[in-house]
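I would like to see how this sequence folds:
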Amino acid sequence: MAQPTRAVWIALLLAAGPASAFGLARFAYAVLLPPMQADLDWSYATAALLNTVNAAGYLIGALVAARVGRRLGVRQAFLLSMVTTAVALGASALSTLLPVLLGLRLIAGATGAVTFILGAALTASLASAHPGRSSALLMGVYVAGGGLGIVVTGLLLPATLAWYPAELGWRIGWAVLGVVGILAWLMAAPAARRVPEPPPRPAGSRAPVRGMIPLLSGYTLFGAGYIAYMTFIVALLRGDGATDVQVSVFWIVLGLAAIGGGFAWSPVIGRLSGGRAPALLMVVVALGAGLPLFGSHPVLALGSAVLFGATFLALVGSVTHAAHRVLDPHQVTDGIGILTVGFAIGQSIGPLLSGILADSADGVRAGLALSVAVVLVGAVLFLGQRRHVPTTAADT
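Residues are numbered from 1 along each chain as shown. Coordinates of the predicted model:
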């Protein structure tokens, strides 16, 4: 089994998975949304629909990920889903038709979920030899890959949009994402082959859903709340007069904070049991998301990027780590899949509700206010999670 230092390096390479699933397939759309919205004459509700469909795809992927992993093997399915995600992203450059773009966002969402869940299962398998805080660190390193994806898109996409006219720039942006997705696959492939397959689930044994209801419900509300911020924050900054450089700086700071957060929060996540770590991080996420509600000053925007960025992916890691701690090893893949289903349901609902509210009320800030309230409720629900989930074969 890998030594601790080697295990961290393997986790870093596996982190190309969430870099693709989150940073490219999920969050990069926020940077491309304003020029697409202007070029294609979309309302906020239509713009949100693409993220809602992407989240619906994520839900589909979450439902089938464990089954696909058992059928193809976790390593093989993880790498295949990364390639498919990259192809779907690159193909989005080829059409202006809403149904086509919706279909590609659906595919990218589904394969992104499979990538994240199976990559997390591989990381949990790697972490099984490094219990306690080391386990939290490895999962934090893995999830922090989403921050790396955000940094890369922050460096590449605003520059691309500034270089080309709006009607061409967003197309080039999607093509760039496709190429970066292939590069991410090339990074993850050798690491995935160095990790043993997670233990197979015995027949009739499933992750006990009833014992994870607080974790599941809190994670569902997190999915609904955080995604409104990630969908519309760039549109809010643009509406407040932010330049291309300011948007790029914001996005890069957000991504760098997300990378650092995976390391910074791991000692806290390792010490707090049950749902206490996710609850704490949810409060910080709400603080970060709420800062832009107090004005348009750049300091508020950057403070939001730091607080939100350093915490939201670490929260994903804390929930995944909690599942790893409260479930038996053979239940972890299914357990992460169940939690991701709830997360995906929240992601499907959140952008659409926030988009409709943004169209009908006080602009994008109204949608962000809703997301803050939802996240705070989720923090309370997390606190009900017990330290250990009783194992029963019949519990589903």
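
Quick one: find the helix or strand in this protein with the lowest mean pLDDT.
For the chain, using mean pLDDT, DSSP states H and E, the weakest element among its helices and strands is helix 332-360, scoring a mean of 77.

Does anything pack onto the helix or strand just after that one? Which helices or strands?
Per DSSP states H and E, helix 332-360 leads on to helix 363-382 as the next helix or strand towards the C-terminus. When contacts are defined as 3 or more Cβ pairs under 8 Å, 6 or more residues apart in numbering; DSSP states H and E, helix 363-382 sits against helix 213-239, helix 276-290, helix 332-360. In this view, the C-beta of every residue, glycine as well, is placed from N, C-alpha and C.

Can you say which helix or strand has the nearest residue to residue 182 once chain neighbours are set aside in it?
Leaving out its chain neighbours, the residue that sits closest to residue 182 by Cβ to Cβ, 6 or more residues apart in numbering is residue 86, at 4.8 Å. According to DSSP H and E, residue 86 maps onto helix 74-91.

Give me the buried positions along the helix or strand following that helix.
Tracing the chain past helix 74-91, the next element assigned as helix or strand by DSSP H and E is helix 98-127. Within helix 98-127, the residues that qualify as buried by neighbour count (16 or more other Cβ atoms under 10 Å) are 101-127.

Residue 159 and residue 248: what is the separation?
As for residue 159, its distance to residue 248 is 7 Å (criterion: Cβ to Cβ, to the nearest Å).

okay, those two: which has more neighbours?
A count of neighbours by other Cβ atoms under 10 Å puts residue 248 above the other of residue 159 and residue 248, at 21 against 16.

Correct me if wrong: that one contacts residue 161.
No - taking Cβ atoms under 8 Å as the contact criterion, residue 248 and residue 161 are not neighbours in contact, 9.4 Å apart.

got CSV for the helices and strands packed on helix 363-382, with distance to residue 188 and mean neighbour count too?
Compiled in CSV, these are given as follows (distance: least, Cβ to Cβ, whole Å; neighbours: other Cβ atoms under 10 Å):
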stretch, distance to residue 188, mean neighbour count
helix 213-239, 23, 25
helix 276-290, 26, 24
helix 332-360, 17, 24
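
Quick one: those as JSON lines, columns for distance to residue 153 too.
Shown next, in JSON lines, are these (distance: least, Cβ to Cβ, whole Å):
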{"stretch": "helix 213-239", "distance to residue 153": "11"}
{"stretch": "helix 276-290", "distance to residue 153": "19"}
{"stretch": "helix 332-360", "distance to residue 153": "18"}
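
Looking at those, which is nearest to residue 75?
The closest approach between residue 75 and any of those, judged by Cβ to Cβ, belongs to helix 332-360 at 12.4 Å.

that older thread, and the residue nearest to residue 182, what is it in contact with?
When the contact criterion is Cβ atoms under 8 Å, 6 or more residues apart in numbering, the partners of residue 86 are 20, 24, 177-182, 184-185.

Would you list the buried entries among those?
Neighbour counting over those (16+ other Cβ under 10 Å) leaves 20, 24, 177-178, 180-182, 184-185 as the buried ones.

Greatest separation within those residues: which pair is it?
Between all members of the buried ones among the contacts of residue 86, the longest pairwise span (Cβ to Cβ) is found for 177 and 185 and amounts to 12.9 Å.

which non-adjacent residue is nearest residue 298?
In space, residue 298 comes closest to residue 246 once its chain neighbours are excluded; the distance is 6.8 Å by Cβ to Cβ, 6+ apart.

Correct me if wrong: the one you found contacts residue 297.
No - the pair formed by residue 246 and residue 297 falls short of the contact definition of Cβ under 8 Å, at 11.8 Å.

So the two - more neighbours on which side?
Neighbour totals were compared for residue 246 and residue 297, and residue 246 leads with 17 against 12 (other Cβ under 10 Å).
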